[in-house]
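*Asks:* Sequence isn't available, so here's the structure alone:
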């Protein structure tokens, strides 16, 4: 059985099929063109260089193309890199298909749907419940397919719904400790806060930023969508204003992309829960590929730190 790319160690050979997640052109110091390929399978992705790339290579090895590649795992600037020795596009006789190479949430879609349905059913505030139902119905397909990001955390099929449901579970646990939390408001903020990514990102297969995503970003997109939904539903209560604040403040700080800092208890909790779940997702997925007694690869989004995996069992 071929080893998946996320579990091949530095110094080991690799031979197998990979999906081109992205392909970008460059020019080496000797003036010759090359391609930087990000290659992935269901276990993760890795960077590779195709040196002295021809015009035909540029047309052949493009995004969402599945290739068969032979090479060796090396290390460059502290991160694994695939040194290509041989590659070719797949053929019908190879018997591979696109979905085989996509990382998916570790939870089935029907479980994620059931969790969201349960939370909405538990809501007591009619205005909040109507707004959330409106968006779940509007994006019922995309929500359960899209990733939560292009890279760093939950960047896999159904990643957005997985992120939301994990955050909902954390919120429920916090309510047990801090009974004054407005759970309807917090639940709604969690469900709505990243829905703008359904327009910010291109799709679940090899996500990239759309023009709207680049120009506006998911926070602005969702704040505008919420205002439009409230108008359509004829809801003008304080709930709309508070939910809009939660969306605008959920990144916590201006330098992290938030137009406003949280000044509402539930908005602060939304930011903290989002922060925790994103980091736990990055750490856990990296630690999963690390042997006990060793350190993970550096995680760029976590201050470029490497994390140690203890040798004793939990």
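*Replies:* On my side now, so go ahead. From a predicted model like this one, the values you see are computed outputs, not experimental measurements. Residues are numbered from 1 along each chain as shown.

*Asks:* So residue 106 sits against residue 161, correct?
*Replies:* No. If you go by Cβ atoms under 8 Å, residue 106 and residue 161 don't touch, sitting 12.0 Å apart. The C-beta positions use only the backbone N, C-alpha and C, and glycine is treated the same way.

*Asks:* and stretch 136-146, which residues are buried?
*Replies:* Neighbour counts over stretch 136-146 (16 or more other Cβ atoms under 10 Å) mark 136, 139, 142-146 as buried.

*Asks:* Would you mind telling me which of residue 106 and residue 161 has more residues around it?
*Replies:* Using other Cβ atoms under 10 Å, the more surrounded residue of residue 106 and residue 161 is residue 161, with 26 against 10.

*Asks:* From residue 51, how far off is the more buried one?
*Replies:* 40 Å (Cβ to Cβ, to the nearest Å).

*Asks:* Looking at the buried residues of stretch 136-146, which are in helices?
*Replies:* Under the assignment DSSP state H, those contribute residue 136 to helices.

*Asks:* element containing residue 179, please.
*Replies:* Using DSSP states H and E, residue 179 sits within no helix or strand.

*Asks:* residue ranges for the strands of this structure, please.
*Replies:* Assigned by DSSP state E, the strands in the chain fall at 13-27, 33-41, 44-51, 66-76, 79-89.

*Asks:* circling back: with respect to residue 230, which of the buried residues of stretch 136-146 is nearest?
*Replies:* Nearest to residue 230 among the buried residues of stretch 136-146, counting by Cβ to Cβ, is residue 136 at 15.6 Å.

*Asks:* Look up how far residue 165 lies from the closest residue to residue 36 other than its chain neighbours.
*Replies:* Of all residues not flanking residue 36 in the chain, residue 24 sits nearest, at 4.9 Å (Cβ to Cβ, 6 or more residues apart in numbering). Here the distance between residue 24 and residue 165 works out to 34 Å (Cβ to Cβ).

*Asks:* More neighbours: these two, which one.
*Replies:* Taking neighbours as other Cβ under 10 Å, residue 24 and residue 165 compare with residue 165 leading, 23 against 10.

*Asks:* Contact partners for the closest residue in space to that one that isn't next to it in sequence?
*Replies:* For residue 165, ignoring the flanking residues on the chain, the nearest one in space by Cβ to Cβ, 6+ apart is residue 115 at 4.6 Å. Shown in contact with residue 115 (Cβ atoms under 8 Å, 6 or more residues apart in numbering): 165, 168-169.

*Asks:* Now, those residues that are in helices?
*Replies:* 165, 168-169.

*Asks:* Can you tell me which of the buried residues of stretch 136-146 is nearest residue 10?
*Replies:* Among these, residue 146 lies closest to residue 10 (Cβ to Cβ), at 32.5 Å.

*Asks:* Give me the average confidence score over stretch 35-53.
*Replies:* Stretch 35-53 carries an average pLDDT of 90.

*Asks:* Stretch 274-292 too?
*Replies:* Mean predicted confidence for stretch 274-292 is 94.

*Asks:* quick one: contacts for residue 290?
*Replies:* Applying Cβ under 8 Å, 6+ apart, the residues near residue 290 are 296, 307, 309.

*Asks:* Tabulate those residues (a markdown table), appending pLDDT, neighbour count and distance to residue 193.
*Replies:* Supplementary listing: the contacts of residue 290 in a markdown table, determined by pLDDT from 0 to 100; neighbours: other Cβ atoms under 10 Å; distance: Cβ to Cβ, whole Å:
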| residue | pLDDT | neighbour count | distance to residue 193 |
| --- | --- | --- | --- |
| 296 | 91 | 19 | 28 |
| 307 | 95 | 16 | 26 |
| 309 | 95 | 16 | 31 |
